[in-house]
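**Student:** Everything below, folded, please.
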Amino acid sequence: MGVYKLPKTIFQQLNTIYRRFWWNHTDDNGKKLVLRAWDEFYKPKEEGGLGIRKPELVNKALTAKLTWRFLTNPDAIWVQLLKAKYLNSNQFWEVKKNTTSSCVWASLLESRDVLKPSTCWSVGNGTDIHIWKDPWVPFLPGYRVQGYGTARSQVLMVSDLFLPNCNQWNIELIRSLFPPTEAEAILQIRLSLANTKDKLLWNCCKSGEFSSKSVYKALATAGPSTSSRQGRLNWKRFWKIKGLSPRVQMFVWRLFTGAIATNEALAMRLPNIDPSCSLCHSHMESTDHLFLSCEVSKRIWFGSPIGLHYQSSATTPILLDLFVHWLEAKEDADIFKLACNIIWQIWKARNQVIFEKKVVNIQVIITSAQAMFNEHGYCTLSNSYSISPKANSHQRWIPPPVGSIKVNFDGATKDNTIAAGIVIRNSEGSVLACQNFYDGNHMGEDKALEAEARACLKGIELAKYLSSNSIILEGDSLILVNILSDDSATIPWRIRSIISDCKLLSSFFNSFSASYVPRRANCVAHSLAKLAISSKNCNSWMNSSPRCISHLVRSDMIDSSS
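**Tutor:** All right, here's what the predicted structure looks like:
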């Protein structure tokens, strides 16, 4: 399944097996009773489906993984054999499929349509990226450049756009070869000080690392989103609820997606079915009636700890409205879970009336619902663990040890603007340097994290300029601090070059550490970043700080001495 594109007949057989397993109800003729379109089950859970993997998409995702290996492992023998036989001097993205293609090669070519929208090169030394044929500018449609007509013969590789013997853009050359929009997009790509290799990125993951799971998710969510009655419930939050029996949770999902076999639903599909309510026999047995407006259900709701007094009218909320409200309101979390157990017990009682000829006992239903609520709530509490990150969690700024300096950094964003603030202080709390940075034309997506990363790099650069040997780095971005402290941490691809430079520069210090602090202990750097946003300027102060934040500096010194 991960090498070839399988025939459609195999997928049809797999889908048939799935359906037979799920729809275990049959009518009088032995046919499966289908209450919901099967394609709805393949939808992601957050869209009202069950997240069952669609075989066709699994096959596409796995063959795309093989194609990715082909693109990122040029030295592998099997890759070299395929290139020698089918590519010659052609580009993989442009070569056409022919009748002599093997099954493997044909599968690789078909995966191009899956990979192309989200594949982009990360520029390192630029020697492996073709300017005109490869996707490499993340801020442009399709990640590709067009340039001026006469430019295509002048330069070929991205490294040709660098200054001689320097890993910096040749701004004059770029502006002469590309239209203004493309030129600005290219110049937004930050080049690393380290001479790293170019790397192919998969943009569906923040890390840029390819995974078949992310491909499947991209394929599954590629179609238009359908807005339906069940779409009003926050399914993502629903599936994360703790303290509900899995059986009850599945029942609630079936109820609000129209997959419950009420008498009304059965009468629409089967002959000779009485659509009246099994409990009161006076109305059609719809979901709203059975679980809310039936006289029996009304007494259950009113007698339960929820104490719901339901009166039917044109403006009265339906069952879904109530559950949407309870799910969205944090203070009603327990009400939502108890309500789920109540409707489950109502359904069980309804089935006992039909199949076991039992009489409904309202008190038993309420007691059983409360017992299930208490039982699963207790299980959740007894198996919960509290894990706090290893971080410097003091609530005030603390001076560094004698002989060291402390660099506090923070980033800020507003619209398409990112800014950074840095303050460096010694063991006495005196300011050695302050700096803020402003970029008013930022094109990236994850602005907050990039602002923090650039603030961090600016802080390390400023500390290096001060010729310090021992620095302590502090910021209020736990994600960034973890990336700097852990070499095995996943690095988002948009800040990969910045982190690479941070780690390169940190190696020049005799002692370097990074730790997380809350905003209260980082207020000076935060205010400097906000100042850059409001003033739209970049500024530096040596052995002093701007007047507007001097009170914060004094406050930190007072707190540290107390």
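
**Student:** for the host helix or strand of residue 21, which positions count as buried?
**Tutor:** For residue 21, the host element (DSSP states H and E) is helix 8-22. Going by neighbour count (16 or more other Cβ atoms under 10 Å), the buried part of helix 8-22 is 11, 14, 15, 18, 22. Yep, even glycine has a C-beta here, placed from its N, CA and C like the rest.

**Student:** repeat for stretch 120-128
**Tutor:** In stretch 120-128, counting by 16+ other Cβ under 10 Å, buried: 120, 121, 122, 123, 124, 125, 126, 128.

**Student:** quick one on the thing from earlier: with only the CA atoms kept, save the helix holding residue 21 in CSV.
**Tutor:** This file holds the C-alpha atoms of helix 8-22, laid out as CSV (Å, rounded to 0.1, in the frame of the first residue of the first chain):
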residue,chain,number,x,y,z
LYS,A,8,-10.3,0.9,-7.1
THR,A,9,-11.8,-2.5,-6.6
ILE,A,10,-9.6,-3.2,-3.6
PHE,A,11,-10.8,0.1,-2.0
GLN,A,12,-14.4,-0.9,-2.7
GLN,A,13,-13.9,-4.2,-0.9
LEU,A,14,-12.3,-2.6,2.1
ASN,A,15,-15.1,0.0,2.3
THR,A,16,-17.6,-2.9,2.2
ILE,A,17,-15.9,-4.6,5.1
TYR,A,18,-15.9,-1.4,7.1
ARG,A,19,-19.6,-0.8,6.5
ARG,A,20,-20.6,-4.4,7.4
PHE,A,21,-18.7,-4.1,10.7
TRP,A,22,-20.4,-0.9,11.6
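
**Student:** On the C-terminal side of it, identify the next helix or strand.
**Tutor:** Remark: after helix 8-22, the chain's next helix or strand is helix 55-72, criterion DSSP H and E.

**Student:** which strands and helices sit next to that following helix?
**Tutor:** Based on contacts counted as 3 or more Cβ pairs under 8 Å, 6 or more residues apart in numbering; DSSP states H and E, the elements that helix 55-72 packs against are helix 8-22, helix 77-82, helix 103-110, helix 112-115, strand 199-202, helix 212-220.

**Student:** Now tabulate the ones you listed in CSV and tack on mean pLDDT.
**Tutor:** Converted to CSV, the helices and strands packed on helix 55-72 look like this (pLDDT from 0 to 100):
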stretch, mean pLDDT
helix 8-22, 89
helix 77-82, 94
helix 103-110, 92
helix 112-115, 93
strand 199-202, 94
helix 212-220, 92
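
**Student:** Using CSV, list the CA coordinates for stretch 142-160.
**Tutor:** This file holds the C-alpha atoms of stretch 142-160, laid out as CSV (Å, rounded to 0.1, in the frame of the first residue of the first chain):
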residue,chain,number,x,y,z
GLY,A,142,3.1,28.1,-5.4
TYR,A,143,6.3,29.2,-3.7
ARG,A,144,7.8,29.9,-7.2
VAL,A,145,9.1,33.1,-8.9
GLN,A,146,8.6,34.3,-12.5
GLY,A,147,11.1,37.1,-12.7
TYR,A,148,11.6,39.3,-15.7
GLY,A,149,11.7,37.6,-19.1
THR,A,150,15.4,38.4,-19.6
ALA,A,151,16.5,37.2,-16.2
ARG,A,152,16.1,33.4,-16.7
SER,A,153,19.4,33.1,-18.6
GLN,A,154,21.5,35.3,-16.2
VAL,A,155,21.2,33.2,-13.0
LEU,A,156,20.2,29.6,-12.4
MET,A,157,20.8,28.6,-8.8
VAL,A,158,19.7,30.5,-5.6
SER,A,159,23.4,30.8,-4.6
ASP,A,160,23.9,33.1,-7.6
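
**Student:** pLDDT on that stretch, on average?
**Tutor:** In this model, stretch 142-160 has an average pLDDT of 85.

**Student:** distance between that stretch and the chain's centre?
**Tutor:** Put simply, stretch 142-160 sits 33 Å off its chain's centre (Cα atoms, centre = their mean, to the nearest Å).

**Student:** There's contact between residue 120 and residue 143 in this structure, I believe.
**Tutor:** Yes. Residue 120 is in contact with residue 143 according to Cβ atoms under 8 Å; the separation is 4.3 Å.

**Student:** ok, of the buried residues of stretch 120-128, which one's closest to residue 492?
**Tutor:** Nearest to residue 492 out of the buried residues of stretch 120-128 is residue 122 (Cβ to Cβ; 11.4 Å).

**Student:** So what's the residue count around the closest residue to the closest one other than its chain neighbours?
**Tutor:** Spatially, and ignoring its direct neighbours in sequence, residue 122 is nearest to residue 199 (4.6 Å; Cβ to Cβ, 6 or more residues apart in numbering). By other Cβ atoms under 10 Å, 17 other residues sit near residue 199.

**Student:** And for the least confident helix or strand in the chain by mean pLDDT, what's in contact with it?
**Tutor:** Ranking every helix and strand in the chain by mean pLDDT, DSSP states H and E puts helix 362-382 at the bottom, with a mean of 83. Applying Cβ atoms under 8 Å, 6 or more residues apart in numbering, the contact partners of helix 362-382 are 242-245, 248, 296, 299-300, 303-305, 334, 337-338, 341-342, 344-346, 349.
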